[in-house]
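Student: Next comes the sequence, and after it the predicted model I'd like to discuss.
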Amino acid sequence: MKRLLFILLLAASALSAQCVMCQRTAAAQNAERAKVLNHGIIVLLIPPLAILGGFLYLAYHRREP
């Protein structure tokens with residue numbers, strides 16, 4: 001369980017990262033629009049992370065002792 005928490009803490013730092021195309025688009029806009037774009041990227045990241053988390057949860061609980 002401690003390993004999982006450590007991995008989640010490392011992954012949390014990557015949430016603020018964005019692709020180069022999104023970063024340049026945000027840099028070309030004003031600060032408020034860039035902030036909205038960053039929030040949109042995070043919102044779009046939630047479903048894949050939830051699915052991956054579900055698979056990892058199932059794999060962890062169905063492993064052979």
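Tutor: Received it, and whenever you're ready, just let me know what you need.
Student: I'd like to know which helix or strand in the chain has the lowest mean pLDDT.
Tutor: The helix or strand of the chain with the poorest confidence is helix 2-13; it has a mean of 68 (mean pLDDT, DSSP states H and E).
Student: so where do the helices sit in the chain?
Tutor: For the chain, helices defined by DSSP state H occupy the ranges 2-13, 20-28, 31-61.
Student: Would you reformat these as TSV and include mean neighbour count?
Tutor: For the C-beta atoms, the positions are set from N, CA and C on the backbone; glycine is no exception. Conversion of the helices of the chain to TSV gives the following (neighbours: other C-beta atoms under 10 Å):
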stretch	mean neighbour count
helix 2-13	9
helix 20-28	12
helix 31-61	11
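Student: From Ala34, how far out is Lys2?
Tutor: In this structure, Lys2 and Ala34 are 36 Å apart, going by C-beta to C-beta, to the nearest Å.
Student: next one: Ile41
Tutor: Note on Ile41: its distance to Ala34, by C-beta to C-beta, is 11 Å.
Student: quick one: low-confidence ranges for the chain?
Tutor: Within the chain, the stretches with pLDDT under 70 are 1, 8-19, 22, 65.
Student: how about 50 then?
Tutor: Along the chain, no part satisfies pLDDT under 50.
Student: now Ile51: how far from Tyr57?
Tutor: Taking C-beta to C-beta as the measure, Ile51 falls 11 Å from Tyr57.
Student: Give me the common contacts of those two.
Tutor: When contacts are counted by C-beta atoms under 8 Å, 6 or more residues apart in numbering, Ile51 and Tyr57 are jointly contacted by no residue.
Student: List the contacts of the nearest residue to Leu37 once chain neighbours are set aside.
Tutor: With sequence-adjacent residues excluded and distances taken as C-beta to C-beta, 6 or more residues apart in numbering, Leu37 is closest to Ala26, at 4.8 Å. With contacts defined as C-beta under 8 Å, 6+ apart, Ala26 is in contact with 18, 33-34, 37-38.
Student: Ok, Tyr60 next?
Tutor: For Tyr60, the contacting residues are Leu4, by C-beta under 8 Å, 6+ apart.
Student: ok, it to Pro47 distance?
Tutor: Taken as C-beta to C-beta, the spacing of Tyr60 relative to Pro47 amounts to 20 Å.
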